[in-house]
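Undergrad: Dropping the sequence and predicted coords here.
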Amino acid sequence: MKNLVILGAGTGGTMMANHMIKRLPKKDWKITIVDQYKTHYYQPGFLFLPFDMYKSKDVKKKGGKFIPKGVNYILQKIDKIVPEKNEVILENETLNYDILIIATGTKIAPEETEGMLGDEWHKSIFDFYTYEGSKALRNKLREWEGGKLVVHITEMPIKCPVAPLEFAFLADSFFKHKEMRDKVDITYVTPLDGAFTKPKATETLHYLLEEKQIKEVTNFNIEKVDSENGKIIDYAGVEVEYDLLVTTPTNLGDEMIERSGLGDDMNFVPTNKGSLQSKQHENIFVIGDASNIPASKAGSVAHFEGEILEDNIMRFIEGKPLKEEFDGHSNCFIETGNGKALLIDFNYTQEPVTGQFPFPGVGPLSLLKETRMNHMGKLAFRWIYWNMLLKGTAIPFVSNAMSKKGKNIENVENKD
Amino acid sequence: MEEVIANKSIKVNEEGYLTDFAQWDKSIGLEIATKKGIEMTDRHWEVVDYLQDKHKKEEALSIRGIKKSGIFNVKEFYGLFPGGPLKVSTMIAGIPKPKSCI
């Protein structure tokens, strides 16, 4: 009997359990999935929770519900991986593996920035990347009477890179609705060159910031939070004042990766960006946010990786060369407030452009353009997530390799 | 587009970042630095080596990475490349500027 072990039962891990149970013969393979938490969160919903657009029950379900029958589901903390022995040491037992899939994701590390994780954490300084943070922020926003709202990114890479910008857009809409927009000053603070950094997106979307009166502070690399005086300070000495700070702390891979000696500086696992095989150990594969590949850290990316990883694991078992086919395909809805959203579809080399999706000339979704239909798409995605994505079902008409059809690509060169 | 840097025709994007790292050599880094008003010292080249090593390994550049590198600290990085240290140093190193997805 051989063992496939999956570490992490989030989006990527759950999906892979569903993929592999269909492919590996039960008489030869035992599949085990390990996670320390019993709740599975719909993380895209953390963006809506603070604005009372979603309720708690919309974003959490029991993780076990999505683990297929026949898969051994273990709820325990993972101590470390010992790749030399093909072992995973858990809190109370040790597992042996023939093939290992790492799907332990990324999480926020506010302790990395001086002054961020102190008395004011979840009082005047919030994250919205955790259920706790998002819910605490909701309670704050229900009562907040206005002032300086600063939406901030500590450093790249982060999970769902557009979420902070969406937060700023939704905040504008939220305060307008509460008829208190004139009492709120919104500033978007980024370590990058601008809120948008790709040429086509900047050209097409910069009007959104002006229209919503969101100020931009760019090239801001935070050194510390001065929570007593309500300001963030960067390494060049620039200061930005806040009354309410909504920050995206440094994102790191799981500490278990560091304990196992398998990560880079950020605890992400060095991974072949085409095959999804670990660069250090041939029987270790990585899916989703846990890897260091230069794709967006997003559920859609894990979904597009899923089928390729499934095939590559089968090829590995059969001793065939792996396919280096993952193209970095990512597909994200971007909420712009007032019941509208944008859609972007891109990969390692193709930047987001305008067009129709998924059917050329038809849509019904529009790329890089604000529409109500895109917002409906984003809301519908929650159903797709729970009912199709986690089960590893292909989404109709959307292939794992990015399609160029329907996109206005002429004259847009790859700038990388 | 192409630009003549250190008497060589080099492929760059409209902001002046090299689009083909294989074309980089020290004389190119030096000329870009001079244009940016930076006088390169051994310390500057150590930073460039670090950035290029990260680029070759396809690892993202980060403040945490710099802190952990033990090679230099963030304050010093700002001192060496005033203004936007990552923006300027990546251009001199011939690698892409860090960016987001849109």
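TA: It's in.

Undergrad: okay, CA-based contacts and neighbour counts for the rest of this
TA: Noted.

Undergrad: Can you report how many residues lie near residue 61?
TA: You didn't say which chain, so I picked chain A. 16 (other Cα atoms under 10 Å in any protein chain shown).

Undergrad: ah, no, chain B please
TA: Other residues close to B:L61 by other Cα under 10 Å number 21.

Undergrad: roughly how far apart are it and A:N374?
TA: 33 Å (Cα to Cα, to the nearest Å).

Undergrad: and if you look at B:E76?
TA: Taking Cα to Cα, one finds B:E76 at 46 Å from A:N374.

Undergrad: Counting neighbours, go ahead and name the busier of the two.
TA: A:N374 (24 against 13).

Undergrad: From chain A, how far out is the residue nearest the centre of chain B?
TA: Per Cα atoms, centre = their mean, the C-alpha nearest to the average position across chain B is that of B:T90, at 2.3 Å. From B:T90 over to chain A the distance is 13 Å, taken as Cα to the nearest Cα, to the nearest Å.

Undergrad: Quick one: residues in contact with whichever helix or strand that residue is part of.
TA: Counting by DSSP states H and E, the element that carries B:T90 is helix B:85-93. Residues outside helix B:85-93 that contact it (Cα atoms under 8 Å, 6 or more residues apart in numbering or on different chains): B:16-18, B:24, B:28-30, B:32-33, B:36, B:47-49, B:51-52, B:77-78, B:81, B:96-98.

Undergrad: From these, which land in strands?
TA: Among the contacts of helix B:85-93, no residue falls in strands (DSSP state E).

Undergrad: Go ahead and confirm A:N408 touches A:G355.
TA: Yes. Counting by Cα atoms under 8 Å, A:N408 touches A:G355, with 5.5 Å between them.

Undergrad: what's the span of stretch A:121-137 from first residue to last?
TA: 11 Å.

Undergrad: More neighbours: which of A:N408 and A:G355?
TA: Taking other Cα under 10 Å, A:N408 and A:G355 do not tie; A:G355 has more neighbours (25 against 14).

Undergrad: So which bits of chain A are right by chain B?
TA: A:155-157, A:161-162, A:192-193, A:196-198, A:201-202, A:219, A:235-236, A:264-266, A:270, A:292-294, A:296, A:351-352, A:415-416 (Cα under 8 Å from any Cα of the partner chain).

Undergrad: ok, now with 7 Å
TA: Contacts of chain A with chain B, taken as Cα under 7 Å from any Cα of the partner chain, map to A:155-156, A:161, A:192, A:196-198, A:201, A:219, A:235-236, A:265, A:292, A:296, A:352, A:415-416.

Undergrad: Would you show me how to pick out the buried ones of these in ChimeraX?
TA: Those of the residues of chain A next to chain B that count as buried under 16 or more other Cα atoms under 10 Å in any protein chain shown are selected in ChimeraX with:
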select /A:155,156,161,192,196,197,198,201,219,235,236,265,292,296,352,415
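
Undergrad: Residue ranges in chain B under the pLDDT threshold?
TA: B:100-102 (pLDDT under 70).

Undergrad: Compute the inter-axis angle for the longest helix along it and helix B:85-93.
TA: Secondary structure of chain B read by DSSP state H shows that its longest helix is helix B:42-56. Per axes from the mean of the first three to the mean of the last three Cα atoms, to 10 degrees, the angle that helix B:42-56 makes with helix B:85-93 is 90 degrees.

Undergrad: Residues touching helix B:42-56, excluding its own?
TA: Helix B:42-56 is contacted by residues B:A60, B:L80, B:S89, B:A93 when judged by Cα atoms under 7 Å, 6 or more residues apart in numbering or on different chains.

Undergrad: Go again with 6 Å.
TA: Under the contact criterion Cα atoms under 6 Å, 6 or more residues apart in numbering or on different chains, helix B:42-56 has outside partners B:A93.

Undergrad: what's the next secondary structure element after it?
TA: Next helix or strand after helix B:42-56 toward the C-terminus (DSSP H and E): helix B:63-69.

Undergrad: So what touches the helix or strand harbouring A:H303?
TA: A:H303 is part of helix A:299-317 when elements are defined by DSSP H and E. Identification of contacts with helix A:299-317 by Cα under 6 Å, 6+ apart yields A:G12, A:G288, A:L322, A:S330, A:N331, A:N400.

Undergrad: Most neighbours among these, which one?
TA: Of these, with other Cα under 10 Å as the count, A:G12 tops at 32 neighbours.
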